[in-house]
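A.B. asks: sequence first, then the predicted structure, then my questions.
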Amino acid sequence: MVAALTFQPPAAGSITGVMRLRQADKLMLVELIAMIDTPRGVELRFRHFTGALEALETTFKQTMLLKSHEATKDTFENLAEFDKALMSTQPRVSSWIVKTPELCARCHTDAAKMGKYGLSTNVVQSYLADFHGVTARTSRARTSDAISDTKVTALCIDCHGVHDITKADAENSPVLRANLVKTCRKCHPSASENFPDAWLSHYEPSWDRAPLVYAVKLFYMIFIPFIVGGLILQVLLHLWRVVVNR
């Protein structure tokens, strides 16, 4: 999958651009981007089209407002709640969707990059080891390059967002503890308030964090080899007795 992004020179207080997403020679998705100077500030707006240039939204429903500008980064606030009927903030090509953890991993497994922000490089591995990550890996063989709304499983973009990714401890972060139930309910509508307790986030269980889970894990690390070893010993002793009694 290859993305090509082009922008037109600024004109009349706006900048426009087009992003084309291609699979080999096939155009899969087109994103129209506009950055406009408005009375309330600089707004970033998006519209999306299929490869056949059929509009996925009728108007600019996905709008973000520039909150801060720095030499190395700009921070935007999403002004519209995600509406599946009007917006397409999530990529719709299923074979691309399930590969998003690999895309995120390019930076999140880079110790030098993550060291600048004090982030762990274990987040990808911890995701792939849990129930969502395992499902994502087993789902890859069942995906295609068709435009589809079919839900595969919870991926990085489902919890952290796409264009509206923010710090995990930010007040509006979808993975902040206070907001986590709302995020879970996007896939689990009947999730209770303590539903997120089943998830360990991106942390490995230890005596300090999730001690009960760690104790169970430790128990099975000892118990299972003991049982299997005992079974093997029993079989060997039985074979030895058969040989001796001949």
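C.D. replies: That came through fine.

A.B. asks: going on from the helix or strand of the chain with the lowest mean pLDDT, what's the next piece of helix or strand?
C.D. replies: When each helix and strand of the chain is scored by mean pLDDT, DSSP states H and E, helix 94-97 comes last, with a mean of 60. Per DSSP states H and E, helix 94-97 leads on to helix 100-108 as the next helix or strand towards the C-terminus.

A.B. asks: packing partners of that next one?
C.D. replies: helix 111-117, helix 123-129, helix 156-160 (3 or more CB pairs under 8 Å, 6 or more residues apart in numbering; DSSP states H and E). From N, CA and C alone the C-beta is placed, and that goes for glycine too.

A.B. asks: list the buried residues of that helix.
C.D. replies: For helix 100-108, the neighbour count (16 or more other CB atoms under 10 Å) marks 100, 101, 104, 105, 108 as buried.

A.B. asks: which of the helices and strands packed on helix 100-108 has the highest mean neighbour count?
C.D. replies: Mean neighbour count, computed with mean count of other CB atoms under 10 Å, is highest for helix 156-160 among those, reaching a mean of 19.

A.B. asks: what residues of the helix ranked longest in the chain count as buried?
C.D. replies: As assigned by DSSP state H, the longest helix anywhere in the chain is helix 211-244. Of the residues in helix 211-244, residue 214 count as buried by neighbour count, 16+ other CB under 10 Å.

A.B. asks: can you name every helix or strand that that helix contacts?
C.D. replies: The criterion is 3+ CB pairs under 8 Å, 6+ apart, and there are no helices or strands that helix 211-244 contacts.

A.B. asks: avg pLDDT for that helix?
C.D. replies: Per-residue pLDDT over helix 211-244 has a mean of 92.

A.B. asks: residue 16 against residue 33, yeah?
C.D. replies: Yes - look at residue 16 against residue 33 with CB atoms under 8 Å: they come within range, at 6.8 Å.

A.B. asks: between those two, what contacts are shared?
C.D. replies: Both residue 16 and residue 33 are in contact with residue 7, where contact means CB atoms under 8 Å, 6 or more residues apart in numbering.

A.B. asks: list the contacts for the residue most central in space within the chain?
C.D. replies: For the chain, the residue nearest the mean C-alpha position is residue 156 (0.6 Å; CA atoms, centre = their mean). Taking CB under 8 Å, 6+ apart as the criterion, residue 156 is in contact with 100, 101, 104, 127.

A.B. asks: how many neighbours does residue 75 have?
C.D. replies: Counted by other CB atoms under 10 Å, the residues lying close to residue 75 total 14.

A.B. asks: for it, which three-state class applies?
C.D. replies: Here residue 75 is recorded as strand under DSSP: H, G, I helix; E, B strand; the rest coil.

A.B. asks: so it touches residue 64, yeah?
C.D. replies: No - the pair residue 75 / residue 64 is not scored as a contact, 9.6 Å apart, by CB under 8 Å.

A.B. asks: any weak-confidence spans in this protein?
C.D. replies: Scanning the chain for pLDDT under 70 picks out the ranges 1, 57-61, 81-97, 139-152, 163.

A.B. asks: how is it carved up into domains?
C.D. replies: If you go by automatic domain parsing, the domain ranges for the chain are 1-88, 90-165, 169-198, 201-229.

A.B. asks: quick one: closest of those to residue 242.
C.D. replies: With CB to CB as the criterion, residue 242 lies closest to domain 201-229 of the domains of the chain, at 20.6 Å.

A.B. asks: wait, which of the helices and strands packed on helix 100-108 is closest to residue 207?
C.D. replies: Nearest of these (CB to CB): helix 123-129, 17.7 Å.
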